[in-house]
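J.: how would this look folded up:
(4 chains)
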4 protein chains.
Amino acid sequence: MEKIKRIGIITSGGDAPGMNAVIRSVTRTAVSEGIEVFAFFRGYAGILDKEYKKFNFSDVGGIMEKGGTILRTARVPEFKLPEIRKKAADNLKELGVEALIVIGGEGSLTGAKLMSEENDIKVIGIPGSIDNDISGTDMCIGVDTCLNTSVDSIQKLKDTASSHERAFIVEVMGRGSGYIALMSALATGAEAAIIPENPVDYKALGERLWEERKRGKINSIVVVAEGAASAYTVARHLENRIGFETRITILGHIQRGGSPSAFDRILASRMGYEAIQALLEGESNVMIALNRSSMERVAIDKVLTEKKDLDLDLIKLTNTLS
Amino acid sequence: MEKIKRIGIITSGGDAPGMNAVIRSVTRTAVSEGIEVFAFFRGYAGILDKEYKKFNFSDVGGIMEKGGTILRTARVPEFKLPEIRKKAADNLKELGVEALIVIGGEGSLTGAKLMSEENDIKVIGIPGSIDNDISGTDMCIGVDTCLNTSVDSIQKLKDTASSHERAFIVEVMGRGSGYIALMSALATGAEAAIIPENPVDYKALGERLWEERKRGKINSIVVVAEGAASAYTVARHLENRIGFETRITILGHIQRGGSPSAFDRILASRMGYEAIQALLEGESNVMIALNRSSMERVAIDKVLTEKKDLDLDLIKLTNTLS
Amino acid sequence: MEKIKRIGIITSGGDAPGMNAVIRSVTRTAVSEGIEVFAFFRGYAGILDKEYKKFNFSDVGGIMEKGGTILRTARVPEFKLPEIRKKAADNLKELGVEALIVIGGEGSLTGAKLMSEENDIKVIGIPGSIDNDISGTDMCIGVDTCLNTSVDSIQKLKDTASSHERAFIVEVMGRGSGYIALMSALATGAEAAIIPENPVDYKALGERLWEERKRGKINSIVVVAEGAASAYTVARHLENRIGFETRITILGHIQRGGSPSAFDRILASRMGYEAIQALLEGESNVMIALNRSSMERVAIDKVLTEKKDLDLDLIKLTNTLS
Amino acid sequence: MEKIKRIGIITSGGDAPGMNAVIRSVTRTAVSEGIEVFAFFRGYAGILDKEYKKFNFSDVGGIMEKGGTILRTARVPEFKLPEIRKKAADNLKELGVEALIVIGGEGSLTGAKLMSEENDIKVIGIPGSIDNDISGTDMCIGVDTCLNTSVDSIQKLKDTASSHERAFIVEVMGRGSGYIALMSALATGAEAAIIPENPVDYKALGERLWEERKRGKINSIVVVAEGAASAYTVARHLENRIGFETRITILGHIQRGGSPSAFDRILASRMGYEAIQALLEGESNVMIALNRSSMERVAIDKVLTEKKDLDLDLIKLTNTLS
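T.: Coordinates of the predicted model:
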């Protein structure tokens, strides 16, 4: 096996804090092994447009602490077409890029896997998704930072909630997954989390809030995942039932920003390093994963066929503790 | 003049970070002067209901760093009626409370002044309002913390905004005042602030954002004060004109929470101390104010008849620098 | 097996952020199961002095977000004596306390285990230690928060370090373990970590820093674990070799404070809940542990006989990436 | 008066958070007025070495939120010599630089003033100093951020201090001024601040701490300005007197880093803008100052001949409230 000479790297799909730390780790590890790094911009779009920059050691200085991704990202729906994936692979080959490192979620990994299988190009995946909805790894890059941002914000609401007779509804990210909503409810002692995995019974919830208020609870906070309902819908349902005013917060993309947490920086640094080790050992079509405190490689195929389930016992725990 | 023996304290209107630091400072300064402190709950409502607690030195330990107000707050519309104000004054007199310290905004100060004049009870005001809309003082309690919260949040949006081709609309507090919106736009390099004091021309704004995007700007952030428009209205107006997607954040009451900043803790500590000094010197119907680095006393009458204007030159500055 | 009626809880050894979240979770889970909770103050000292308070649901409201431990903690060296442990067990029995939940490090768990075995009292351990030096669990309570505090601080140093021609030495916690030092060096791109597990070669380190500076690096940061050397010693060794000034930061107990991170709040909530489940199922002398994303129970005996090793490959990674 | 065509800018002396926001504001305001900006590196050293870069609008993008100064800074003792100042002025003239904007403390302003007077070159000063020791302005750039950093750190200490029977000594910045030490003690409810302006009586302090401990106070925090004593000296003096252990934190340059606060960003943006307005109106040898909420211009001469006094009443306030 001849040693690899040049790799590509992209960030794809929704951005997540820690992606820059992966870019830095991949680049510096590769360069220290004598491998060249071509960084493509805006995900697969940059490969299709041959928009890239050769990255050296110093190109990734001072980026670990930055939120977002300096490579930018884009959703490229046409990557579902085999001919577009072939075009991308051809471009990579023309540029002498032998392997591609893809940081992103399930959609991005699917594209990577197909392009790899169809066109004989090596691919390593790194799980980046604030929703923690990628199977095969304990944690995805960005989840920890996102959760801390949500928790900080909801904690601030609690301060003011205790000063008024009101209920507060906070809408957090999570189109298909209630992970962030449920975990931030648990971590802030919120009254309830409304999530896609578990249908909400507004009548029962309204009664519970009403009971708790009668027992003297002076703040009520409900966290809702955007994929389950909008904050306005929740507010309308509850106001009728609990008889006091509601106030709304929609965190939106704030949760994708911010300097990555220590956990995300370390996870990203380790995964980037491991991705290069995997390539050096001839691997392809694997995703780097965290298993307890160790780095693992999991076949992307396996990742895509399994579903990451949310531990619904945590709902019971949230209710017990709030 | 006989030395005052017992005072009351309330927090009134919208809560603001730093109110607890005032409560601590008033209590400890009073107690160290041999004055008793009756802390009433839920603003004027607590006086009307005689809901209070005698506060000693240790009752206010560990509260300076907390957001919100441990005394809670409420809006009491009926305090506009003279007979209700008389009832409150009578209650205070019955309890032997000779003077009342009121922490709140213009509405709360108006109530205090009227109650004082009509019923011969001493009153000292302390300006607490995250909108910085109280005349006569350089800064109100809570403004600095609120602004830091907004700036932190918008800064996080910038991280992710640079990763996508999108515009972000952030709705911040400010029903009658654009102070927070304008200042946080300035402090984050946002493209524009939409504020009650200055009518927005969506056509011109859309064109400017469009021009900037064409010149290569990869993130657009518009901050809007809730009193000027809703984030959804702004988004609808802009999407049609700039041709790219918008994303929405509504900070809501997050801005009222959070541990107070150093500035707010110091301001609150000094104002609480000065309120007691003013009482000891026989003053009444004055508001404690910050003038440069010094504490001042301003007649509440004067505060209520002047309007605090927003320095609209800061709009030009925001546009120049963004 | 008769259902348990009353339990005790202590925090012992060095305090760690998240201990309050455990106390809240244990209390509320127990109470919801009809079990009484006696909270003893200052660790084993409170049991010996019968200094305790019965905790209900509301006694633990608003404590999850607080650093430190509301139960306080103390080191009780005399707990090494069997007769003292017997005295503690007797006190517990006198108070009708059938089981004790101990949150702390290895020393505290050793005491718990011995007291349990010698005196037939049930014991459940929960690993709390900012050093992450307890075997059998992926993470201890407090580690994540502590690491974020160190990383934030060192990140601030980097800002200013880049403005000057200087080297900065930061002393972090870790008497027996270099975990915090190494991980925070990795997460901030510091030049080196000096840790107890790996002898430092000042000559080689000085030469490396000197080389990097010559190649244009404008900031040098060295993180040192208190157990490996003092910041002053490191500074003295390096100044002679690298020919530029050094500046010192000693973080000290700052690392034990601060509101716990989302990770620590969730871990603490889950471990507290699991401790009660373990008791309900008749277990004793086990420690609650995190294994991937699940709660586990590990025999305390096993925990105490294995050593948690630091992954020294991370030193190489830190060097590669800095 | 002909309109100015080209200006220089330096950051000089100790760096302060917010300096980058000044650089951004000066550059963008100047460029929007058709004025060219030469940014010199490492303060006066960059002028002497002709080390500079022409700054356009986009060169200062994304820097407002960064701590430190992208222009770096240096102390240049030889600038005390008239011939060196002449050399600098000659270099500026050769490069066509008609005016220099200097961001720094008293020493830097002194150099600017002398160079201006001796060599007929225009100079505008902007007060940057975390010590807030520059006369003529309510606040210097960097003070507010520095204070928030100190307060956050000391607040974390309080968490853990309450868990142990110990005293904590925190050494903060301030060689000639106790501003930071005193203000952060006030803002955290620390027991005492040891500052250069006020000699410490260790015997009295020790007795006070001892008394408070006897009355049940469970945490003691003493903040010391580096210019008054070292933390180790304070610890040694107190340990002998209060009979319990002390723990030490030395914040060091952490206080110079960190993303600037909202206050510092706004102050910096306004001062940079005002500096250009002053030049456009033909002014020289003035420092931009904050007076209440307005920008002012103060003769540098006046700034340098007056001394900024610390309000020692705040010591009494700190003692009353702690």
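J.: Which residue ranges of the stretch 201-322 of chain A form strands?
T.: A:220-225, A:246-250, A:286-291, A:294-299 (DSSP state E, counting those that start in this stretch).
J.: Tell me which of these lies nearest to chain C.
T.: strand A:286-291 (6.7 Å; CB to the nearest CB). Any C-beta I mention is one placed from the backbone N, CA and C, and that applies to glycine too.
J.: What strands flank the closest one, and is each parallel or antiparallel?
T.: strand A:122-127 (parallel), strand A:294-299 (antiparallel) (DSSP bridges).
J.: For the residue of the stretch 101-250 of chain A found nearest chain D, the count of nearby residues, please.
T.: Closest residue of the stretch 101-250 of chain A to chain D, CB to the nearest CB: A:Asp152 (13.3 Å). Residues contacting A:Asp152 under the criterion other CB atoms under 10 Å in any protein chain shown number 23.
J.: you'd agree it is in a helix?
T.: Yes - per DSSP: H, G, I helix; E, B strand; the rest coil, A:Asp152 lies within a helix segment.
J.: one step back: got the strands paired with strand A:286-291 as a markdown table, with mean neighbour count and mean pLDDT columns?
T.: Below are the strands paired with strand A:286-291 laid out as a markdown table (neighbours: other CB atoms under 10 Å in any protein chain shown; pLDDT from 0 to 100):
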| stretch | mean neighbour count | mean pLDDT |
| --- | --- | --- |
| strand A:122-127 | 28 | 98 |
| strand A:294-299 | 17 | 96 |
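J.: Dump these to CSV, plus distance to B:Glu212.
T.: Output for these, formatted as CSV (distance: least, CB to CB, whole Å):
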stretch, distance to B:Glu212
strand A:122-127, 33
strand A:294-299, 43
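J.: tally of neighbours for whatever residue of the stretch 201-322 of chain A ends up closest to chain D?
T.: Here the stretch 201-322 of chain A gets closest to chain D at one residue, A:Ser259, 8.7 Å apart by CB to the nearest CB. Using other CB under 10 Å, A:Ser259 has 21 other residues around it.
J.: what does A:Asp133 give?
T.: Neighbours of A:Asp133 using other CB under 10 Å come to 21.
J.: That one against A:Ile180, yeah?
T.: No - the pair A:Asp133 / A:Ile180 is not scored as a contact, 10.1 Å apart, by CB atoms under 8 Å.
J.: Would you mind stating the distance between the residue of the stretch 101-250 of chain A closest to chain D and C:Thr69?
T.: Taking CB to CB, to the nearest Å as the measure, A:Asp152 falls 22 Å from C:Thr69.
J.: cool, A:Ala193 as well?
T.: Relative to C:Thr69, and taking CB to CB, A:Ala193 is found at 27 Å.
J.: Extract the C-alpha trace of stretch A:282-289 and format it as CSV.
T.: Coordinates of the C-alpha atoms in stretch A:282-289 are reproduced here as CSV (Å, rounded to 0.1, in the frame of the first residue of the first chain):
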residue,chain,number,x,y,z
GLY,A,282,-5.8,1.9,4.4
GLU,A,283,-9.3,2.2,5.7
SER,A,284,-12.3,3.7,3.9
ASN,A,285,-16.0,4.1,4.3
VAL,A,286,-15.7,4.2,8.0
MET,A,287,-16.9,6.8,10.5
ILE,A,288,-14.8,7.8,13.5
ALA,A,289,-16.7,7.2,16.7
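J.: What segments of chain A are helices?
T.: Using DSSP state H, the helices of chain A run over residues A:19-32, A:44-48, A:82-94, A:106-119, A:143-161, A:179-188, A:202-214, A:231-242, A:262-280, A:300-305, A:313-321.
J.: would you list those in JSON lines and tack on distance to chain C?
T.: JSON lines is the format used below for these (distance: least, CB to the nearest CB, whole Å):
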{"stretch": "helix A:19-32", "distance to chain C": "5"}
{"stretch": "helix A:44-48", "distance to chain C": "24"}
{"stretch": "helix A:82-94", "distance to chain C": "26"}
{"stretch": "helix A:106-119", "distance to chain C": "18"}
{"stretch": "helix A:143-161", "distance to chain C": "4"}
{"stretch": "helix A:179-188", "distance to chain C": "4"}
{"stretch": "helix A:202-214", "distance to chain C": "11"}
{"stretch": "helix A:231-242", "distance to chain C": "20"}
{"stretch": "helix A:262-280", "distance to chain C": "4"}
{"stretch": "helix A:300-305", "distance to chain C": "16"}
{"stretch": "helix A:313-321", "distance to chain C": "5"}
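J.: I'd like the domain boundaries of chain A, if you could list them.
T.: A:6-142+A:260-305, A:145-257 (automatic domain parsing).
J.: Go through these and find the least confident stretch.
T.: Note on these: lowest mean pLDDT is at domain A:145-257, with a mean of 92.
J.: Give me the distance between the two termini of it.
T.: 9 Å (CA to CA, to the nearest Å).
J.: Equivalent analysis for stretch A:75-86, please.
T.: Using CA to CA, the two ends of stretch A:75-86 sit 18 Å apart.
J.: Now find how far off-centre that stretch is within its chain.
T.: Centroid displacement of stretch A:75-86 relative to its chain, using CA atoms, centre = their mean, to the nearest Å, is 22 Å.
J.: again with stretch A:244-251
T.: The answer for stretch A:244-251 is 25 Å, by CA atoms, centre = their mean.
J.: Check which residues of that stretch are buried.
T.: A:246-251 (16 or more other CB atoms under 10 Å in any protein chain shown).
J.: Could you dump the strands of the stretch 201-322 of chain A into a markdown table with distance to C:Arg270 added?
T.: Output for these, formatted as a markdown table (distance: least, CB to CB, whole Å):
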| stretch | distance to C:Arg270 |
| --- | --- |
| strand A:220-225 | 18 |
| strand A:246-250 | 26 |
| strand A:286-291 | 18 |
| strand A:294-299 | 21 |
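J.: Contact partners for the closest residue to chain B within the stretch 1-150 of chain A?
T.: At 3.1 Å from chain B, A:Gly67 is the closest residue in the stretch 1-150 of chain A, using CB to the nearest CB. Applying CB atoms under 8 Å, 6 or more residues apart in numbering or on different chains to A:Gly67 gives the contacts A:17, A:20, A:145, A:256-260, B:156, B:159-160.
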